[in-house]
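Visitor: Provided below are the primary sequence and the corresponding predicted coordinates.
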There are 2 protein chains.
Amino acid sequence: MRIAELSRRTDVPVPTIKYYLREGLLSAGERTSHNQAQYAESHVRRLRLVKALIEVGGLSVAATREVLEKMYGPGMSPLDSVGKAQFAMTNSRPVIEDEAWEAASKQTEELIEQLGWQVRQTNPARQTLTSALATLSRLGQTEQLKLLEGYAQAARQVAQAEMELLVQEPDADALIERAIVWTALGDIVFSALRRFAQEDIAYGGSAKQ
Amino acid sequence: MRIAELSRRTDVPVPTIKYYLREGLLSAGERTSHNQAQYAESHVRRLRLVKALIEVGGLSVAATREVLEKMYGPGMSPLDSVGKAQFAMTNSRPVIEDEAWEAASKQTEELIEQLGWQVRQTNPARQTLTSALATLSRLGQTEQLKLLEGYAQAARQVAQAEMELLVQEPDADALIERAIVWTALGDIVFSALRRFAQEDIAYGGSAKQ
DNA sequence: AAAAAATGGATAGGAGCACTTTCTACTATC
DNA sequence: GATAGTAGAAAGTGCTCCTATCCATTTTTT
């Protein structure tokens, strides 16, 4: 198919497709002449993935490129896919290491140890959690620390179910895509459900446990 | 205190404070002369809150203003605070209602009914979830629907603990602030813990359940 | 009292991002 | 042969979030 059809089938404007091509989010089509190219089903799939990551997942164009590069780069074990997806998707801002940050970093370490989890030092989520804890401390919201363990248990339940579903996928490429999609959208889905639950508890609370 | 001290104590540059004042994120100080103003402890608190929402919570300046306006506007019950915080913090993009969206909307309804939760039609998280489900469907990731109920249960656990902690706060203003902070940072904390759990399961998996 | 520093208010500027538009040069189709 | 489509490059647009500068007026320091 040509670019116009690719555009129609993915609901992405032609100029935007060209922009994504330039930015390396999409591989070039097969050239049929000096200024014509054919696009395949794989382009449709990829473009829909890109669109999902950007529009629903809230990733920037640059972050999306990074994710795709890492994921479809030299591949290792299937389970690595999840790790790679995460690493690429966790945006780490430069950290200012003051006292609050130091204390929060310690809290993060202690939590991981207490849970007995294996989390690499390089996992960017460590920084994310530390930043959040440091912020809570700076705002005087120290009570919330009690919640952490409950959060962690809920997170593990969720992750367990996800991973089980993930490894059921036999096709390597499909697995990679699933890891990307679910890493990006899982946060959003859970966040929405948490808001549902908060509202139910606040106003009704009558639901089954 | 004057603006320089406010800046020092919150680690926000003076020009940025002025910007936030213009944007209505911070109330003006008490004028002591034509071009001098005094700031109080309440300004320090507020500015730290604003900084947290923008830098760690990832909210835009406009969204932050909306949150603050709604939260400190005409107040109702304490539990309403959480609802308001959510409503203001859930960014809803305009929705394109195609077939995938229609089907996803139905799935959202069904899930809520199945859980027996009370979720208002106006809750913006409904749109968020529907968008996410529609995207998953467009990407052919229909398997993931199985996970929804497990997600919902985990979300309810988390929300239950949060709400219990929230209502323990006797001071009204502190409760509002806690609702804001925890709505914004809870997502981030949970997301980080989910990544921890995923890594643990993928590589180790030996941790206690 | 004189000099230096700080403040408030206003406006201008700048960087980054995600496109969008415009341009030229061809090619394909009716 | 007119019309429409395409590629590629470059410039432009609109938005957000600050940052810098200017100025008249204090305030503080010496």
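Guide: Sure, I can see it.
Visitor: center of chain A, which residue is that?
Guide: For chain A, the residue whose C-alpha lies nearest the mean C-alpha position (CA atoms, centre = their mean) is A:A184; its distance is 3.1 Å.
Visitor: Just the element for that one, please.
Guide: Secondary structure from DSSP states H and E places A:A184 in helix A:172-199.
Visitor: Briefly note if the host helix or strand of A:T16 comes near chain B.
Guide: According to DSSP H and E, A:T16 maps onto helix A:14-22. No. Helix A:14-22 stays out of contact with chain B when judged by CB under 8 Å from any CB of the partner chain, the minimum separation being 15.1 Å. The C-beta positions use only the backbone N, C-alpha and C, and glycine is treated the same way.
Visitor: And the strands in chain A?
Guide: Using DSSP state E, the strands of chain A run over A:30-33, A:36-38.
Visitor: Among those, which comes closest to DNA strand C?
Guide: Nearest to DNA strand C, of all the strands of chain A, is strand A:30-33, at 4.0 Å by CB to the nearest atom of the strand.
Visitor: What strands flank that closest one, and is each parallel or antiparallel?
Guide: Each strand paired with strand A:30-33, and its direction, by DSSP bridges: strand A:36-38 (antiparallel).
Visitor: average pLDDT across stretch A:86-97?
Guide: Averaging the model's pLDDT scores along stretch A:86-97 yields 72.
Visitor: again but with stretch A:115-130, I slipped
Guide: Along stretch A:115-130, the predicted confidence averages to a pLDDT of 92.
Visitor: Give me the distance from that stretch to the chain's centre.
Guide: With CA atoms, centre = their mean, to the nearest Å as the basis, the distance from the averaged C-alpha position of stretch A:115-130 to the chain average is 15 Å.
Visitor: anything in that stretch near chain B?
Guide: Yes. Stretch A:115-130 is in contact with chain B by CB under 8 Å from any CB, via A:L115, A:G116, A:W117, A:Q118, A:V119, A:R120, A:N123, A:A125, A:R126, A:T128, A:L129.
Visitor: helices or strands up against the helix or strand bottoming out on mean pLDDT in chain A?
Guide: For chain A, counting by mean pLDDT, DSSP states H and E, helix A:78-89 ranks last in confidence among helices and strands (a mean of 76). Counting contacts by 3 or more CB pairs under 8 Å, 6 or more residues apart in numbering or on different chains; DSSP states H and E, helix A:78-89 packs against helix A:61-71, helix A:148-167, helix A:172-199, helix B:172-199.
Visitor: how about that helix: buried residues?
Guide: In terms of neighbour count (16 or more other CB atoms under 10 Å in any protein chain shown), helix A:78-89 has its buried residues at A:P78, A:L79, A:S81, A:V82, A:G83, A:K84, A:A85, A:Q86, A:F87, A:A88, A:M89.
Visitor: Tell me where the model's unsure across chain A.
Guide: Across chain A, residues meeting the criterion (pLDDT under 70) sit at A:75-78, A:91-94, A:204-209.
Visitor: Spell out which parts of chain A neighbour DNA strand D.
Guide: Those residues of chain A that sit near DNA strand D, judged by CB under 7 Å from any atom of the strand, are A:2-5, A:14, A:18, A:21-22, A:28-29, A:31, A:35-37.
Visitor: just checking, the residue nearest to the centre of chain A touches A:I54?
Guide: No. Between A:A184 and A:I54 there is no contact under CB atoms under 8 Å: 9.9 Å.
Visitor: picking up where we left off before, ok, which of the helices and strands packed on helix A:78-89 comes nearest A:T108?
Guide: Among the helices and strands packed on helix A:78-89, the nearest to A:T108 by CB to CB is helix B:172-199 (8.7 Å).
Visitor: Please see if the closest one touches chain A.
Guide: Yes. Under the criterion of CB under 8 Å from any CB, helix B:172-199 makes contact with chain A via B:177-178, B:181-182, B:185-199.
Visitor: For the residue nearest to the centre of chain A, which residues are in contact?
Guide: For A:A184, the residues meeting the contact criterion (CB atoms under 8 Å, 6 or more residues apart in numbering or on different chains) are A:A52, A:L53, A:V56, A:G57, A:L59, A:A85, A:M89.
Visitor: can you tell me which two in the residues you listed are farthest apart?
Guide: A:V56 and A:A85 (15.2 Å).
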